[in-house]
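Engineer: sequence-free structure coming up:
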């Protein structure tokens, strides 16, 4: 699918399999989500621009690459996006963080916003939206809508699992936002959950069900 990168690295796929298992403990699920978040971050940021600067090593002067200009914003969709955020911040600790509080109405499956906070200079930074599940696509669409309202111009989306229906809907609303995911599963069920999926990522991460 154009605009969609499936991260098929063996470590990503192995960790995803462990997370799918219904008997994986809350503690292990949370740790795996952090680890896979870091691995996905590595792929999402692969093409960030670099510039050469002059530095002194203990032995010589050299031209060495560093990131150009202002860095990243990780936009975590609450609450399950926080699980991926920790791993991404381990990899890019200088990144700023935006929080997008959304929940999915269980009847209509539409999104309701309850909190939003983002850096003031978000227009000058690359924004990576993070949420483990891209199911119906409604939450991701609402989050990107809100970030664009706040001034974000360079946006990417990273998730753990996606459904074909969710990808299609998301790309229909935001065709210029590329997507990275560890897997594209078969379909959604009647309740808007990804099949075969891994259940509710937030509940499994926090042990609330």
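Structural biologist: Received the coordinates, thanks. Note that this is a predicted model, so its numbers are computed, not measured.
Engineer: Any stretches of the chain with poor pLDDT?
Structural biologist: 109 (pLDDT under 70).
Engineer: Longest helix in it, please.
Structural biologist: Using DSSP state H to define each element, the chain has its longest helix at helix 26-44.
Engineer: Indicate each strand paired with the very next helix or strand once past that one and its parallel or antiparallel sense.
Structural biologist: Scanning forward in sequence from helix 26-44 by DSSP states H and E, the next helix or strand is strand 50-56. Sheet pairing of strand 50-56 (DSSP bridges) gives strand 61-67 (antiparallel).
Engineer: which strands and helices sit next to the next helix or strand after the partner strand?
Structural biologist: Per DSSP H and E, strand 61-67 leads on to strand 72-78 as the next helix or strand towards the C-terminus. Packing partners of strand 72-78 (3 or more Cβ pairs under 8 Å, 6 or more residues apart in numbering; DSSP states H and E): helix 81-91, strand 96-104, strand 126-130, helix 138-149. In short, each C-beta sits where N, CA and C put it, glycine included.
Engineer: ranking these by burial, who's on top?
Structural biologist: Per-stretch averages of neighbours, counted by mean count of other Cβ atoms under 10 Å, single out strand 126-130 among the helices and strands packed on strand 72-78, with a mean of 26.
Engineer: re the thing from before, got the helices and strands packed on strand 72-78 as a markdown table, with distance to residue 75 columns?
Structural biologist: Listed next are those as a markdown table, based on distance: least, Cβ to Cβ, whole Å:
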| stretch | distance to residue 75 |
| --- | --- |
| helix 81-91 | 8 |
| strand 96-104 | 4 |
| strand 126-130 | 5 |
| helix 138-149 | 6 |
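Engineer: and residue 172, which of the ones you listed is closest to it?
Structural biologist: With Cβ to Cβ as the criterion, residue 172 lies closest to helix 138-149 of those, at 8.8 Å.
Engineer: For the one helix or strand residue 161 maps to, which strands pair with it and how are they oriented?
Structural biologist: Using DSSP H and E, residue 161 maps to strand 154-162. As defined by DSSP bridges, the strand partners of strand 154-162 come to strand 126-130 (parallel), strand 133-134 (parallel), strand 179-184 (parallel).
Engineer: From start to finish, how long is stretch 90-108 in a straight line?
Structural biologist: With Cα to Cα, to the nearest Å as the measure, the ends of stretch 90-108 fall 37 Å from one another.
Engineer: Identify the residues contacting it?
Structural biologist: 34, 38, 41-42, 45, 71-78, 81, 85, 88-89, 110-119, 122, 125, 127, 129, 136, 138-139, 142-143, 146-147, 150, 192 (Cβ atoms under 8 Å, 6 or more residues apart in numbering).
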